[in-house]
Each structure stands twice: as structure tokens, then as C-alpha cells.
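Engineer: Here you go, sequence then predicted model.
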Amino acid sequence: MAPKKGRLPLLFFPSSGEVISEPLGVVLIFASWNFPIALSLDPLIGAISAGNTAVLKPSELAPACSSFLADTIPHYLDCRAIKVVSGGADVGDRLLQQKWDKIFFTGSPRVGRIVMSAAARHLTPVTLELGGKCPTILDTLSSPSEIKIAVKRIVGAKWGPCSGQACISTDYVLVERKFAPTLIDLLKLTIKNFYGDEPRNSKNMCKIINKHHFERLRNLIEEPAVAASIVHGGSLHEKEQFIEPSILLDPPLDAEIMTEEIFGPLLPIITLNNIRESVEFINSRPKPLVIYAFTKDESFKRQLVLETSSGGVTFNDTMVQFLCDDLPFGGVGQSGFGRYHGKYSFETFSHEKAIMTRGFFPEIEPRYPPWNRFKLRFIRHAYEFDYFGLLLLLLGLKK
């Protein structure tokens, strides 16, 4: 929160410059249902720390957590400055009709467009944390033991916390064609080790959030060409809203499962002739929220960083970057824009205001017309902190 000093050109001597952070005002925060506590409190902490007042709208798809936040927050925080508003989509629409100084939204690109359109009516700045199809690249340069660790991390991220119902979950895996059978065998073995022979009975896997999303996922894999690509799993239990961990090998690239964010326990494997082709594959699609890459090839790492665009890149692990508050978290392009976490949350909910102060003397006459060659050179040297050139000019040794 301390002012930041700015270095000003010699041309404006004597002067001082600083940048101060001030609150934006009254902010509106829309939280998502898949991590309803964290995705509510994380941006709220940033808004409060920056000095704003805030309205929090938790997701109605997580009613127990929404009620908990609505009941608990007023007991510990100033209810005149921070309010929790519960309700469905109609309440969200009514909130969007109001004028806000900032809107922070976590959710799908479809609803993100609605939020952005509503904000545009009042020229309200927005931060959109959306998502996208996050690829995982598995290079085969690592040792067999490292490959096994990579597979464990992929399985743990895809099916562990929320059965793939996370914006930063692995959406599909890119691997060289010759390695695909080995990868599938390792994935099957790891799934069995983590969730047993009957994942449906495991206490370490969660269900699909509601019937709508269950039907959406059902439609993804019941398309004939997609169903034919299933090499593991695929069973659905409608009454329990449970879908078995499922692996698909090279489903059609134009199928909905490869064009829309999956947000569920379905994992397509896309095979390539050479792992370097993954750069072109990723660039041919909308920019993802994060790219995961398991590789020890330093030149390939540099290529991924320099030749692709994504909200972030994580090497040799999955999802852990979300927990690192010293790293900004956010998307780019269709995966959203804006950033938060740690000090970046403070910056997201602040306006950085420039303050410049000058004295009256000495007055720099070359800034005023009529201009000539001497004045223009004087201004250039003073602006560029070129003391030697300025001295030569004043001594008449430089024309």
C-alpha cells in the first residue's frame, strides 16, 4: 500500500513523482460452484485489502456453501461494507443491472460474455476468470520412474479433487503415437491404485454437480465417433450422477469433446508423430488457461514459453500453481483476462494513481517557443539524463 517512487526526467527538475494505490469503490464478485469457498473468499480478501466495499454473489449450484457464507460472513466482517447476496440467475441479472466500480467473475465463457456485456453499459472494468481446454504435454525423454510420477500427477489432477470439474484441470493429453499404449496402461493402473476396482464405490471421487452437467457429459461421449474412441471406463450412473474415470484415444478433433471445455472425468489422449507438434496443435486452438508440460528438454521448454500463449505454464506438475500466491493467476484470450492471488489481488482491485509535484524554479526556458536547434537538443539531453551531452551543449562544444 506504500506509495511507489517514480524517476522523473532531469528536464522537470526540481520535481518528484509517486504512484499511490486507491480503492476502486464498490465491487461485485461472482463466485463459481466448483470451489465455492476459495473462489468466494480469495477475491473478497483482495477487494477488502485494497479498501473497497464489496457484494459477493456465491453460486446457487452450491447451496450449502452459499448459505454458510451468507450466514457466517456478517458475524465477522462489517455488514455495512461487505454483503453476501444469495439467489439464482435472476438475482445475478438484477445485480448486473446496477452500476459497479469493478466486477470480478469466475465461471464459464458463455456467462462471462453476459457479464462483460452488462459491464460495458457502465464502462465498468471487469476481471474474467474463465477456463478453457488446458492441455497436458507428456514428453518421453524422462526416465521410466519419472514417467510414472508424471502419470500419477495427471491422474491426481484430473480425477482427484473434483473429477475434472475445475478450470485448471487437465482437459486432454498430447503424446507421441508410439508411446500411447504405454501411457494408457499406466493411466489404468494408476486409476486402479487410487480409486480401486470400482471407482463408483470410492470415497475419493466426487459426483457430477447436477443433472444438467451430467447430461452434458453424457452427450459428449454418446456421440458415435466419440464412443468408439473410449479405451477405458465410459460407464454412467444417472441416479447417482456418477461417471467413471474414462480415457479416450484420438476422438475426432471436430467433436464437441475436443472443442468445448470438458469439465468432467473424461480424458482424451491425442497422439502426434513428434511431441514438438504440440506447439502447433495448441496454437491452432483458443488460448488455454494453463499449459502443463512434462519434459526435461530445456529447448522444448523455451519453445513452449516463447511460441505459445496461455494464462500460465507449469512444467512437470499439474494444478499446484494455483496454490502459489507469489505467482499471478489468470487467463488470456478466451480463457479470461485479469489476474489475482497474493499481491496481484490487491492490484486487481486498486487504481494506481500517478502524483507529480514540481517547484517553480528554476524555469526551463527551452521548453517554450520559439524553438531552435539549441533548444531542441537541450530538451533531448535533459529528458534522456545525458549529462555529458548537456554539458557539452552548454559549453558550446556541441552543435
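Structural biologist: Yes, it's here.
Engineer: C-alpha only now, for contacts and for neighbours.
Structural biologist: Noted.
Engineer: Okay, now the unreliable bits of the protein?
Structural biologist: Residues of the chain meeting the criterion pLDDT under 70: 387, 397-399.
Engineer: mind checking how far stretch 99-116 is from the chain centre?
Structural biologist: Centroid separation between stretch 99-116 and its chain, computed with Cα atoms, centre = their mean, to the nearest Å, is 14 Å.
Engineer: Could you do stretch 198-218 as well?
Structural biologist: 25 Å.
Engineer: got the end-to-end distance for that stretch?
Structural biologist: Distance between the boundary residues of stretch 198-218 (Cα to Cα, to the nearest Å) amounts to 19 Å.
Engineer: So which bits of it are buried?
Structural biologist: Using 16 or more other Cα atoms under 10 Å as the burial criterion, the residues of stretch 198-218 that qualify are 199-200, 205-209, 213-214, 217-218.
Engineer: So which residues of the stretch 101-250 of the chain form strands?
Structural biologist: Using DSSP state E, counting those that start in this stretch, the strands of the stretch 101-250 of the chain run over residues 102-106, 126-129, 135-138, 172-176, 230-232, 236-237, 242-243, 246-249.
Engineer: got the contact list for the most centrally placed residue in the chain?
Structural biologist: Geometric centre of the chain, nearest residue: G330, 2.6 Å, by Cα atoms, centre = their mean. Counting by Cα atoms under 8 Å, 6 or more residues apart in numbering, G330 touches 129, 289, 311-312, 336-340.
Engineer: among the residues you listed, who's most crowded?
Structural biologist: L289 (29 neighbours; other Cα atoms under 10 Å).
Engineer: so what's it up against?
Structural biologist: By Cα under 8 Å, 6+ apart, the contact list for L289 reads 130-134, 167-168, 310-312, 330-332, 335-336.
Engineer: 7 Å instead, please
Structural biologist: Under the criterion of Cα atoms under 7 Å, 6 or more residues apart in numbering, the neighbours of L289 are 131-132, 134, 168, 310-312, 331-332, 335.
Engineer: Can you turn the buried subset of those into a selection I can paste into ChimeraX?
Structural biologist: Provided next is the ChimeraX selection string for whichever of these are buried by 16+ other Cα under 10 Å:
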select :131,132,134,168,310,311,312,331,332,335
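Engineer: and the two most separated of the contacts of L289?
Structural biologist: Within those, two members stand farthest from each other by Cα to Cα: I168 and V332, at 13.4 Å.
Engineer: S350 bridge partners, please.
Structural biologist: Beta-bridge partners recorded for S350 (DSSP bridges): P23.
Engineer: Which among the strands of the stretch 101-250 of the chain is found nearest to I37?
Structural biologist: Across the strands of the stretch 101-250 of the chain, I37 has its closest neighbour in strand 102-106 (12.5 Å, Cα to Cα).
Engineer: Does that closest one pack against any helices or strands, and if so which?
Structural biologist: If contacts are counted by 3 or more Cα pairs under 7 Å, 6 or more residues apart in numbering; DSSP states H and E, strand 102-106 sits against strand 26-30, strand 126-129.
Engineer: re the thing from before, put together a markdown table for the strands of the stretch 101-250 of the chain, with distance to F35 on each row.
Structural biologist: Shown next, in a markdown table, are these (distance: least, Cα to Cα, whole Å):
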| stretch | distance to F35 |
| --- | --- |
| strand 102-106 | 10 |
| strand 126-129 | 13 |
| strand 135-138 | 21 |
| strand 172-176 | 21 |
| strand 230-232 | 28 |
| strand 236-237 | 23 |
| strand 242-243 | 19 |
| strand 246-249 | 23 |
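Engineer: tally of neighbours for the residue lying closest to S169 once chain neighbours are set aside?
Structural biologist: The spatially closest residue to S169, leaving aside those adjacent along the chain, is K158, at 5.6 Å (Cα to Cα, 6 or more residues apart in numbering). For K158, the count of nearby residues is 27 (other Cα under 10 Å).
Engineer: How is the chain divided into domains?
Structural biologist: According to automatic domain parsing, the chain comprises the domains 18-130+341-352, 135-326.
Engineer: Distance to P370 added to those domains, as CSV?
Structural biologist: What follows is the domains of the chain, written out as CSV (distance: least, Cα to Cα, whole Å):
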stretch, distance to P370
domain 18-130+341-352, 32
domain 135-326, 49
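Engineer: Indicate which one of those domains is closest to G359.
Structural biologist: Judging the domains of the chain by Cα to Cα, what sits closest to G359 is domain 18-130+341-352, at 15.3 Å.
Engineer: what's the straight distance from one end of the closest one to the other?
Structural biologist: For domain 18-130+341-352, the end-to-end distance is 10 Å (Cα to Cα).
Engineer: again with stretch 227-246
Structural biologist: 11 Å.
Engineer: And it, what's buried?
Structural biologist: Under the neighbour-count criterion of 16+ other Cα under 10 Å, stretch 227-246 has 229-230, 232-234, 236, 241-246 buried.
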